[in-house]
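Chemist: Sequence first, predicted coordinates after that:
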Amino acid sequence: MYPTVAEVLALPVLRHGRPHVVAGSRGLGARVRWVHVAEVTGIAHLLRGGELVLTTGIALPDDAKQLAAYMGELADAGIAGLVVELVRHWSDELPSALVGAAEERGIPLVTLSRETRYVTVTESVNGLIVDAQVAELRAAEQVHKVFTDLTVSGAEPAEVLREVARVTGQPVVLETLSHEVLAYDAAGTDPGDLLDGWPARSRATEIGERTGYHVEAGWLLTIVGARGHDWARLVVVCAEPPPHRHVVVAERAASALAVHRLVAKDGDSLERNAHRALLSELLAAPVPSAELVARSSALDVPLAGRLLVGVAIRPRLTGSAAPALSIQPLTRELAEAAALAARRARVRTLVSTGDDGGVRMLISLSPQAKPDAVLDRLATEIHQARGSAVIAAGTVVAGPAGAGRTLAEAAQVAAAALHGPDRPVHRLDDVRLRGLLHLLAGDERLTAFAARELGPLLARDSASGSRLVAALRHYCEHGGNKSAAAAAAHTSRTAYYQQLARIEQVLGVPLEEPESLLSLYVALLAHDITRPGHPTG
């Protein structure tokens, strides 16, 4: 880090000259990139900015306009400060024109009342600068090593951001090009303050290059992407222009994130992972914290003052349950289809894969919206894109306090509806008895009841290859109407009646009794729910 003007003035060689700041004190924090001794006025075009200019003033004019112009040219060149020795030209004080121009431009103007060896000043200050540059290079080398190791090891984005925050000491945010927060590390600050109003603040913060510092926002930004495809921005929040090594940190972190996306292309996207983490926490939190609400808003899905609807989507799988590894790609595709449908409908939605092999969503609507119409529109698009799937909705709730409840209800309805009739959208009112049995699915007494009622019939089908359970299912689903059940089973009535007689013989109960019919139908539903991977007969 380059020394400031104030730090340079504190050096013994300059303290010997009795320095006095006569103007531009607000600029004492400016960094000194180099020290330049110059006695002539026309030197501005030779400067690059950041120089501390030393002069005896011997060749400077006394004319007020010329002095003001001289100071203006130095300020335009970006000097850090001007030091004038009051020995050879001016002995008591500097001309007011020079002082006034320096104060107006905020350039520190310093006088030395004793003769000072400028060569010693340049040696001392430039030595400090060289040492700072060497330290900067060493720090940059260490940064390269750290982020190369992170890249090679396939570090997750959270780990990369944690390292950025550690090295810079500043909060860091990874956002999409649509200004939705994918991940962040608050570096010990309040996450709520960091994320408050993020999308709006981010939209107002643009740079015309891949890496740059936005002075008004106090953000160091760099674009994240690879192979010509940019997909995110990395933002380091820093109130002052960052040192070069922090720029290197941001750029190397962006490279590590881009490589991670390429390597992890078969997994969930960063956006889905961000939504998944937030939905999981909303499900687990009885009352969402202010941080959770802020994180959701930073993903451009506000919760406060909105109508919220939980949605669960489960693919319909035929036959026995597929291995988990084969379900994962299907579930990811289903999640992306749901997210695309929400974008097309201009609905703000959190979407992620779930632990149950399905997709979960939290839809955020304005208080004036019609939730049923929105759900029907989304369901139509999802069914058209992905075919057979169960789409279930929880109760519409107002505000973040009910988010977990509507998400949990949607999951319960989806699980209960998997073995029920097809509907565009399943709701609590639709699952009825199935919903109740699903809530009791973990109760051993329900499993024992199903086994007691259906055990002999299941054993008979298993031993002889008969399809008596399927015949019973048709009979129950048609309310004991034998003709309708036979037609649904695609069996002649004579053959079907024989199957029913055999079922009565095996189970030892009369099927025409209402209580028997009810008990066996409940047992079939319980059997489906407690053994979801079992064929349905």
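Modeler: Ah, there it is. Numbering: from 1, shown residues only.
Chemist: Show me the domain layout of this structure.
Modeler: Here the domain parsing of the chain from automatic domain parsing is 5-126, 154-263, 270-431, 444-530.
Chemist: CA-only coordinates of the strand or helix carrying Ala416 in CSV, if you can.
Modeler: Using DSSP states H and E, Ala416 sits in helix 403-417. Taking Å, rounded to 0.1, in the frame of the first residue of the first chain, the C-alpha atoms of helix 403-417 are listed here in CSV:
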residue,chain,number,x,y,z
ALA,A,403,-43.8,-19.3,4.2
GLY,A,404,-42.7,-22.5,5.9
ARG,A,405,-46.3,-23.7,6.4
THR,A,406,-47.4,-23.3,2.8
LEU,A,407,-44.2,-25.0,1.6
ALA,A,408,-44.8,-28.0,4.0
GLU,A,409,-48.4,-28.3,2.9
ALA,A,410,-47.5,-28.4,-0.8
ALA,A,411,-45.0,-31.2,-0.1
GLN,A,412,-47.6,-33.2,1.8
VAL,A,413,-50.3,-32.7,-0.9
ALA,A,414,-47.8,-33.7,-3.7
ALA,A,415,-46.9,-36.9,-1.8
ALA,A,416,-50.5,-37.8,-1.2
ALA,A,417,-51.5,-37.1,-4.8
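Chemist: which strands and helices sit next to it?
Modeler: Helix 403-417 sits against helix 270-284, strand 307-315, strand 359-365, strand 389-393, strand 397-398, helix 428-439, with contacts defined as 3 or more C-beta pairs under 8 Å, 6 or more residues apart in numbering; DSSP states H and E. Glycine gets a C-beta too; all of them are placed from N, C-alpha and C.
Chemist: The fifth one: partners in the sheet, and parallel or antiparallel?
Modeler: Strands flanking strand 397-398 in the sheet, each with its direction: strand 307-315 (antiparallel) (DSSP bridges).
Chemist: thinking again about what came up before, Arg138: which of the domains of the chain is closest?
Modeler: Distances from Arg138 to each of the domains of the chain were compared using C-beta to C-beta; the minimum, 9.3 Å, belongs to domain 154-263.
Chemist: Report the mean per-residue pLDDT for that closest one.
Modeler: Mean pLDDT, computed over domain 154-263, is 90.
Chemist: same question, stretch 522-529
Modeler: Computed over stretch 522-529, the average pLDDT equals 84.
Chemist: Any idea how many residues pack against Ala487?
Modeler: Using other C-beta atoms under 10 Å, the number of residues around Ala487 comes to 15.
Chemist: Flag every buried residue along the host helix or strand of it.
Modeler: Assigned by DSSP H and E, Ala487 belongs to helix 482-488. By 16 or more other C-beta atoms under 10 Å, the buried positions in helix 482-488 come out as Lys482, Ala485, Ala486.
Chemist: helices or strands up against that helix?
Modeler: helix 468-477, helix 493-507.
Chemist: May I see these organised as TSV, with mean neighbour count and distance to Val87 added?
Modeler: Formatted as TSV, these follow (neighbours: other C-beta atoms under 10 Å; distance: least, C-beta to C-beta, whole Å):
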stretch	mean neighbour count	distance to Val87
helix 468-477	21	108
helix 493-507	15	117
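Chemist: JSON lines for those, including mean pLDDT and distance to Ser280?
Modeler: Converted to JSON lines, these look like this (pLDDT from 0 to 100; distance: least, C-beta to C-beta, whole Å):
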{"stretch": "helix 468-477", "mean pLDDT": "90", "distance to Ser280": "36"}
{"stretch": "helix 493-507", "mean pLDDT": "91", "distance to Ser280": "44"}
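Chemist: Now render these as a markdown table, adding distance to Val309.
Modeler: A markdown table is the format used below for the helices and strands packed on helix 482-488 (distance: least, C-beta to C-beta, whole Å):
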| stretch | distance to Val309 |
| --- | --- |
| helix 468-477 | 30 |
| helix 493-507 | 43 |
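Chemist: Mind checking the helices and strands packed on helix 403-417 for the one nearest to Glu7?
Modeler: Nearest of those (C-beta to C-beta): helix 270-284, 42.0 Å.
Chemist: Do I have it right that Thr530 meets Ala448?
Modeler: No - contact criterion C-beta atoms under 8 Å: Thr530 and Ala448 do not qualify, at 9.8 Å.
Chemist: Between the two, point out the one with more neighbours.
Modeler: Thr530 (21 against 13).
Chemist: Show me which helix runs longest in the protein.
Modeler: When the chain is parsed with DSSP state H, its longest helix is helix 118-152.
Chemist: buried sites along that helix?
Modeler: For helix 118-152, burial by neighbour count (16+ other C-beta under 10 Å) applies to 118, 121-122, 124-125, 128-129, 132, 136, 139-140, 143, 146-147, 150-151.
Chemist: now stretch 28-38
Modeler: Buried positions in stretch 28-38, judged by neighbour count with 16+ other C-beta under 10 Å: Leu28, Ala30, Arg31, Val32, Arg33, Trp34, Val35, His36, Ala38.
Chemist: Could you tell me which of those residues belong to strands?
Modeler: Trp34, Val35, His36 (DSSP state E).
Chemist: Please identify the helix or strand for Ser352.
Modeler: Using DSSP H and E, Ser352 sits within strand 348-353.
Chemist: quick check: angle from that strand to helix 270-284?
Modeler: Angle of strand 348-353 versus helix 270-284, following axes from the mean of the first three to the mean of the last three C-alpha atoms, to 10 degrees, is 90 degrees.
Chemist: Of the helices and strands packed on helix 482-488, give the one that comes closest to Gln170.
Modeler: Between Gln170 and the helices and strands packed on helix 482-488, the shortest gap by C-beta to C-beta is with helix 468-477, which sits at 63.2 Å.
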